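*Asks:* Sequence below, structure please.
(one chain, ligands or ions: 1)
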Amino acid sequence: MLEGKRIVIIGGSSGIGLAVARAALNEDASVVIASSTESKVRAACESLGTGACGRCVDLRSEESIASFFAAQAPFDHLVHTAGEWTRYRNSAGKDFSLEQAQAAYHVRFWSILLCLKHGLDKLARDGSVTLTAGLLAHRPSKGQALSTALMGGVEHLTRGLAIDVSPVRVNAVTPGFIDTEAWAGMPDDAKENLTKHQPVPRPGDPDEVAQAYLYFMKARYTTGQTAIVDGGRLFA
Ligand SMILES: NC(=O)c1ccc[n+]([C@@H]2O[C@H](COP(=O)([O-])OP(=O)(O)OC[C@H]3O[C@@H](n4cnc5c(N)ncnc54)[C@H](OP(=O)(O)O)[C@@H]3O)[C@@H](O)[C@H]2O)c1
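*Replies:* Down below sits the predicted model:
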């Protein structure tokens, strides 16, 4: 059902986005991956092989997003998995920085709207947009108030956009702990401790969460929905 489809993956040079690209290629789609670091885009394209190409985009810049989409041929599905991790360490209280808090929204939130502003004309009317939230939206933890709001914002943006950009479908995936490059600095025993009380007692693999993105691309009667892919962490 994805055979011959063209899929643009914003954030596809690593982690979950790269896994979505791999999974889509396995179903004979073609993929365009995008992120801000040229060497990462090149390496990811090489690892993906035939059917994949890539281009740099800096999601903090509307100009960069506009020129990225101007260079694109029409496409069938848009996936957004881009995120920066460092900007979230911003808790409430005396250390709060409004500037940093606002900056945290550029890549994860505002860029979604900018991608639609500049990309929607090229997206098939029977196509889809799949966004990425995070489990903090449902299970807050200490020092992560901003991230909790941001993740919840993406889930609610999904519902609103499903109305606004109809008939294009818009859905979101909310991952739990997924063992991507982003966690490379964390020792294995810390990962194990974090996940051992989950019903599925281990970190998730990027290829496992990628299946939820593929589902939303194919599920032609599903819009405005969120899939939580967390090994049951929400209930642990
Ligand atoms: N992994 C998890 O456990 C987990 C859990 C919950 C939610 N999430 C969310 O899922 C998303 C993907 O996570 P991941 O683990 O796959 O992270 P990742 O491996 O770090 O991938 C993030 C991607 O975003 C791109 N990116 C970052 N800043 C960008 C910018 N300014 N412009 C364009 N691209 C940019 C990165 O490439 P460049 O560096 O080249 O720009 C990379 O391709 C993130 O939004 C994350 O918050 C992940």
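*Asks:* Could you tell me how many residues sit around Leu157?
*Replies:* As a burial measure, Leu157 scores 18 neighbours (other C-beta atoms under 10 Å). (C-beta placed from N, C-alpha, C; glycine too.)
*Asks:* so it is in which element?
*Replies:* helix 145-164 (DSSP states H and E).
*Asks:* If you count contacts, what does that helix end up packed against?
*Replies:* Other elements packing on helix 145-164 under the criterion 3 or more C-beta pairs under 8 Å, 6 or more residues apart in numbering; DSSP states H and E are helix 98-105, helix 111-119, strand 123-132, strand 169-175.
*Asks:* Comparing those, which comes out most buried?
*Replies:* Most buried of the helices and strands packed on helix 145-164 by mean neighbour count (mean count of other C-beta atoms under 10 Å) is strand 169-175; its value is a mean of 26.
*Asks:* Direction included, what does that one pair up with?
*Replies:* In the sheet, strand 169-175 lines up against strand 123-132 (parallel), strand 226-229 (parallel) (DSSP bridges).
*Asks:* any chance of those in TSV, plus mean pLDDT and distance to Val57?
*Replies:* TSV is the format used below for those (pLDDT from 0 to 100; distance: least, C-beta to C-beta, whole Å):
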stretch	mean pLDDT	distance to Val57
strand 123-132	98	16
strand 226-229	98	25
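*Asks:* what's the closest of the ones you listed to the ligand?
*Replies:* Closest of the strands paired with strand 169-175 to the ligand is strand 123-132, at 4.4 Å (criterion: C-beta to the nearest ligand atom).
*Asks:* What distance do you get for Ala133 to the ligand?
*Replies:* Between Ala133 and the ligand the computed distance is 7 Å (C-beta to the nearest ligand atom, to the nearest Å).
*Asks:* ok, now which ones touch that residue?
*Replies:* Neighbouring residues of Ala133 by C-beta atoms under 8 Å, 6 or more residues apart in numbering: Met151, Gly152, Val154, Glu155, Thr158, Ala172, Val173, Thr174, Thr226.
*Asks:* of all these, which two lie farthest apart?
*Replies:* The distance between the two most remote of these (C-beta to C-beta) is 14.4 Å, for Gly152 and Val173.
*Asks:* related to what we said a few turns ago, let me have the helices and strands packed on helix 145-164 in JSON lines, extended by distance to Ile65.
*Replies:* Below are these laid out as JSON lines (distance: least, C-beta to C-beta, whole Å):
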{"stretch": "helix 98-105", "distance to Ile65": "15"}
{"stretch": "helix 111-119", "distance to Ile65": "5"}
{"stretch": "strand 123-132", "distance to Ile65": "14"}
{"stretch": "strand 169-175", "distance to Ile65": "18"}
